[in-house]
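Visitor: here is the input, now give the coordinates:
(chains A, B, C and D)
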Number of protein chains: 2
Amino acid sequence: MRCFAPPFAKREKQKEAAGGRNGAYMTDMAKELHHPERDQIELSAVLEALSEPTRREIVLRLTEEGESPCQAFDATAPKSNLSYHYARLREAGITRTRIVGPYRMISVRVDDLAARFPGLLDSIIAASRARAQAG
Amino acid sequence: MRCFAPPFAKREKQKEAAGGRNGAYMTDMAKELHHPERDQIELSAVLEALSEPTRREIVLRLTEEGESPCQAFDATAPKSNLSYHYARLREAGITRTRIVGPYRMISVRVDDLAARFPGLLDSIIAASRARAQAG
DNA sequence: CCGTCAGTTCAACAATTATTGAACTCCTTG
DNA sequence: CAAGGAGTTCAATAATTGTTGAACTGACGG
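Guide: A predicted model of the protein is given here:
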């Protein structure tokens, strides 16, 4: 946690104009993201994460295309909404995200999920595919 | 919908005492409950319903013991909370409830779920069993 | 350094979920 | 009919989820 960032002179001006924010962002946007260990992946978190349609679509496409840049999903939803969904998927142990310069590559932890909950991801993917084809 | 129930004289008194409720319950508590048709069962609803631990426990026990009276789960949570969970399971198409006098028998729609999302319920049950044994 | 881009964080907001306890409805029995 | 039991409904509440847009951070190139 870096808490000694210098004052943002430019930001002070913008704050006055936008009239929105108090306090500074002091969050450390790390170069390595946290992922739960395989044995920490919880069934409830996985089921809940995958019950949401946007997140299920992301996972479906990732299983079809393999590791992809987050950018590949830009047309799916606004950036900040996607950030939220990526975080939910990652925290649930469903995806892995690695930082490559200004980009992020995201992939499904297929092996971990299969080891942890055999058949679960496959059945959800299959159901999603059937739905996508019928729709 | 029965809308011509007589005024509840006794209830009027209790309302004064309890100081809580306005208006009459006019909901028709039918003898037959609505269940979605097999092809109306939605993946999101199923995943979300089963992401909740109490509901998952109910379903797990039902698959082990077969159709059971709701009473069998009385120790799991308070009655009103159970009513809520039963309704969520039923609406999601996961369980079937039939009314037998003052009792309700509840069962899992195993065949429907298997037909609709092959392998899904099995993998969730298996994961829940593994968890129950480890816990 | 500045400007741009990729993606995140934040706060606000609306919607939804899960829980609670009292009142309710329906059924059964005496 | 009254009483009791099974289970539901209702309204209130707290917590959580999903969305939004502005501000932010870090990387990169000129």
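Visitor: surely A:Thr97 is in a strand?
Guide: Yes: counting by DSSP: H, G, I helix; E, B strand; the rest coil, A:Thr97 is part of a strand.
Visitor: low-confidence stretches in chain A?
Guide: Along chain A, the model assigns pLDDT under 70 to residues A:1-24, A:26-30, A:132-135.
Visitor: now the residue sitting nearest the centre point of chain A: phi and psi?
Guide: Compute the mean C-alpha point of chain A, and by C-alpha atoms, centre = their mean the closest residue is A:Tyr86, 1.2 Å away. With angles defined as degrees, to the nearest 10, A:Tyr86 sits at phi -60, psi -40.
Visitor: quick one: it from chain B, how far?
Guide: Using C-beta to the nearest C-beta, to the nearest Å, one gets 19 Å for the distance from A:Tyr86 to chain B. Backbone N, C-alpha and C define where each C-beta goes, glycine included.
Visitor: check A:Asp111 too.
Guide: Counting by C-beta to the nearest C-beta, the gap from A:Asp111 to chain B is 16 Å.
Visitor: A:Ala87: neighbour count?
Guide: Per other C-beta atoms under 10 Å in any protein chain shown, the neighbour tally for A:Ala87 reads 13.
Visitor: which SS state does it fall under?
Guide: helix.
Visitor: residue contacts, A:Ser68?
Guide: A:Arg61, A:Leu62, A:Met105, A:Ile106, A:Ser107 (C-beta atoms under 8 Å, 6 or more residues apart in numbering or on different chains).
Visitor: who wins for most neighbours among the residues you listed?
Guide: Most surrounded of those: other C-beta under 10 Å gives A:Ile106, at 22 neighbours.
Visitor: wait, doesn't A:His35 sit right on A:Arg90?
Guide: Yes: between A:His35 and A:Arg90 there is a contact at 6.2 Å, judged by C-beta atoms under 8 Å.
Visitor: turn the contacts of A:Ser68 into JSON lines, columns for secondary structure and distance to chain B.
Guide: What follows is the contacts of A:Ser68, written out as JSON lines (DSSP: H, G, I helix; E, B strand; the rest coil; distance: C-beta to the nearest C-beta, whole Å):
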{"residue": "A:Arg61", "secondary structure": "helix", "distance to chain B": "16"}
{"residue": "A:Leu62", "secondary structure": "helix", "distance to chain B": "17"}
{"residue": "A:Met105", "secondary structure": "strand", "distance to chain B": "26"}
{"residue": "A:Ile106", "secondary structure": "strand", "distance to chain B": "21"}
{"residue": "A:Ser107", "secondary structure": "strand", "distance to chain B": "21"}
